[in-house]
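In: only geometry, no sequence info:
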């Protein structure tokens, strides 16, 4: 292994080689990259916790056969954002599928410059990369270019990209196309996108005239934090008062309403890689918000810290996060976690767990729909790579695109 390291040189040399190699990424088809030979030495180093060594070896694979998404994932997992950005931008320039959305988030996060629009536009409309369509919609939404946001979200929604129909629905509601908006939001809810379910329920009740914003405001003024949260949601779509909604959500969060803190966290980090928000997730987890603990567990899994991840999944389960219970059960076969998942979630989870055989099914970090959902804000929603995430998983295990920020 040491001899290999001396041959390939330092990581910085390999990053340069990815851009200057006689076999540039652009000459390697997506299919070739996807089926490139595994790198067992790198996989073993990663599982053993030798992350720097593994990353260098993955970079060698990038140089030799164009499979560069795995080293990109490795850099992200280690929060080496500057190096990840350099590699992601090169891959995007070479039209590597799945790289432009990552490059855009890292570029925006590190430079506060949202000038990546042309690259996203090409990836979305010319190459049909749905993750690029989603983040392009986010750029337009935040920039208050609603018509363009709708077009980008529509591309992603038509391709059934998780979370896209929800975002499309929010923009359509702001355009007063409420019936169509509800249909899109409910579509994502039926696919398991939990945030779409909670928003869809609230908007449906408002559409059915079950309450008024004025009533929410009155009950909020009387100390009802749930009503304060709902008022902030309604202001963001019904009155298009995004800034006022953000301020109200933050105020409700400061009063100790954790769902508002989570909603605020999602909106604030829309263009940020989840790896860059570890401290915020840890804070929310400590305050008792289960989904934050579960997302933090996913970050630990990405750097092969299985026991830390299991501890966080147990904490998520104890904080009544049903999916956290399911994930804890998958790793530990703890029947109490299985029962809790069934009690906290719908029958989908019970049926899936009931159909599994503990003797033949290993712990999994990729789930069937609706659990297998990528991040709404993620650099992490990358096509499958070989990077192992815990020592219990073999070299062919894919890195999870965490369900995270949709609840």
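Out: Nice, thanks for sending it over. It should be emphasised that the depicted structure is a prediction, and the values quoted were computed from it without experimental measurement.
In: can I assume residue 337 is in contact with residue 322?
Out: No: with contact taken as Cβ atoms under 8 Å, residue 337 and residue 322 are classed as non-touching, separated by 10.0 Å. No exception for glycine: its C-beta is placed from N, CA and C like everyone else's.
In: report the residue ranges of every domain in the protein.
Out: The chain is divided into the following domains under automatic domain parsing: 1-111, 115-210, 212-265, 272-407.
In: mind giving me a markdown table with those domains and columns for mean neighbour count?
Out: Shown next, in a markdown table, are the domains of the chain (neighbours: other Cβ atoms under 10 Å):
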| stretch | mean neighbour count |
| --- | --- |
| domain 1-111 | 20 |
| domain 115-210 | 20 |
| domain 212-265 | 18 |
| domain 272-407 | 20 |
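In: for the ones you listed, give me CSV that also has mean pLDDT.
Out: As requested, the domains of the chain are exported to CSV (pLDDT from 0 to 100):
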stretch, mean pLDDT
domain 1-111, 71
domain 115-210, 95
domain 212-265, 94
domain 272-407, 67
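In: once you drop chain neighbours, what's closest to residue 156?
Out: residue 164 (3.4 Å; Cβ to Cβ, 6 or more residues apart in numbering).
In: mind listing what the one you found touches?
Out: When contacts are counted by Cβ atoms under 8 Å, 6 or more residues apart in numbering, residue 164 touches 130, 133-134, 137, 153, 156-157, 188.
In: just the ones of the residues you listed in helices?
Out: Among the contacts of residue 164, the subset assigned to helices under DSSP state H consists of 130, 133-134, 137, 153, 156-157, 188.
In: give me the residues contacting stretch 108-126.
Out: Counting by Cβ under 8 Å, 6+ apart, 81-82, 85, 92-93, 95, 100-101, 103-104, 107, 129-130, 132-133, 135-136, 139, 142-143, 152, 155-156, 271-273, 276 sit against stretch 108-126.
In: relative to residue 51, how far out is the residue lying closest to residue 332 once chain neighbours are set aside?
Out: Excluding its sequence neighbours, the residue lying closest to residue 332 (Cβ to Cβ, 6+ apart) is residue 310, at 6.3 Å. In this view, residue 310 and residue 51 are 20 Å apart by Cβ to Cβ, to the nearest Å.
In: now swap in residue 67 and tell me
Out: According to Cβ to Cβ, residue 67 stands 18 Å off from residue 51.
In: how near is residue 163 to residue 130?
Out: From residue 163 across to residue 130, the span is 10 Å (Cβ to Cβ).
In: equivalent analysis for residue 252, please.
Out: Here residue 252 is placed at a distance of 33 Å from residue 130 (Cβ to Cβ).
In: packing partners of the strand or helix carrying residue 309?
Out: Taking DSSP states H and E as the definition, one finds residue 309 inside helix 306-318. Of the remaining helices and strands, those touching helix 306-318 by 3 or more Cβ pairs under 8 Å, 6 or more residues apart in numbering; DSSP states H and E are helix 278-287, helix 290-302, helix 322-332, helix 335-344.
In: list the contacts of that helix.
Out: 285, 290-291, 293-294, 296-298, 300-301, 323-325, 327-328, 331-332, 337, 340-341, 390-392.
In: if we go to 6 Å?
Out: Taking Cβ atoms under 6 Å, 6 or more residues apart in numbering as the criterion, the residues outside helix 306-318 that touch it are 290, 293-294, 296-297, 300-301, 324-325, 327-328, 331, 337, 340, 390.
In: report the angle between it and helix 335-344.
Out: Computed by axes from the mean of the first three to the mean of the last three Cα atoms, to 10 degrees, the angle separating helix 306-318 from helix 335-344 equals 40 degrees.
In: enumerate every residue touching the nearest residue to residue 296 once chain neighbours are set aside.
Out: Nearest-residue entry for residue 296: residue 281, 4.6 Å, with adjacent residues in sequence omitted and distances by Cβ to Cβ, 6+ apart. With contacts defined as Cβ under 6 Å, 6+ apart, the neighbours of residue 281 are 292, 295-296.
In: make JSON lines out of the helices and strands packed on helix 306-318 and add distance to residue 122.
Out: Supplementary listing: the helices and strands packed on helix 306-318 in JSON lines, determined by distance: least, Cβ to Cβ, whole Å:
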{"stretch": "helix 278-287", "distance to residue 122": "32"}
{"stretch": "helix 290-302", "distance to residue 122": "29"}
{"stretch": "helix 322-332", "distance to residue 122": "35"}
{"stretch": "helix 335-344", "distance to residue 122": "42"}
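In: so which of the ones you listed gets nearest residue 44?
Out: For residue 44, the closest of these is helix 290-302, at 16.7 Å, according to Cβ to Cβ.
In: list the helices and strands the closest one packs on?
Out: Secondary-structure packing of helix 290-302 (3 or more Cβ pairs under 6 Å, 6 or more residues apart in numbering; DSSP states H and E): helix 278-287, helix 306-318.
In: can you state the direction angle for it and helix 335-344?
Out: Computed with the same axes, to 10 degrees, the direction of helix 290-302 lies at 130 degrees from that of helix 335-344.
In: tell me how far helix 290-302 lies from the chain's centre.
Out: For helix 290-302, the separation from the chain centroid amounts to 11 Å (computed by Cα atoms, centre = their mean, to the nearest Å).
In: what lies in contact with stretch 253-269?
Out: The set of residues external to stretch 253-269 that reach it, using Cβ under 6 Å, 6+ apart, is 225, 229, 249-250, 252, 277, 280, 289, 377, 405.
In: ok, these vs residue 42, which is closest?
Out: Distances from residue 42 to those, taken as Cβ to Cβ, are shortest for residue 277 (27.1 Å).
In: residue contacts, that closest one?
Out: Remark: with contacts taken as Cβ under 6 Å, 6+ apart, residue 277 is in contact with residue 269.
In: one more time with 8 Å
Out: Contact partners of residue 277, counting by Cβ under 8 Å, 6+ apart, are 265, 269.
In: so how far is residue 309 from it?
Out: In this view, residue 277 and residue 309 are 17 Å apart by Cβ to Cβ.
In: any idea how far the residue nearest to residue 332 lies from residue 212?
Out: Per Cβ to Cβ, residue 310 is found 46 Å from residue 212.
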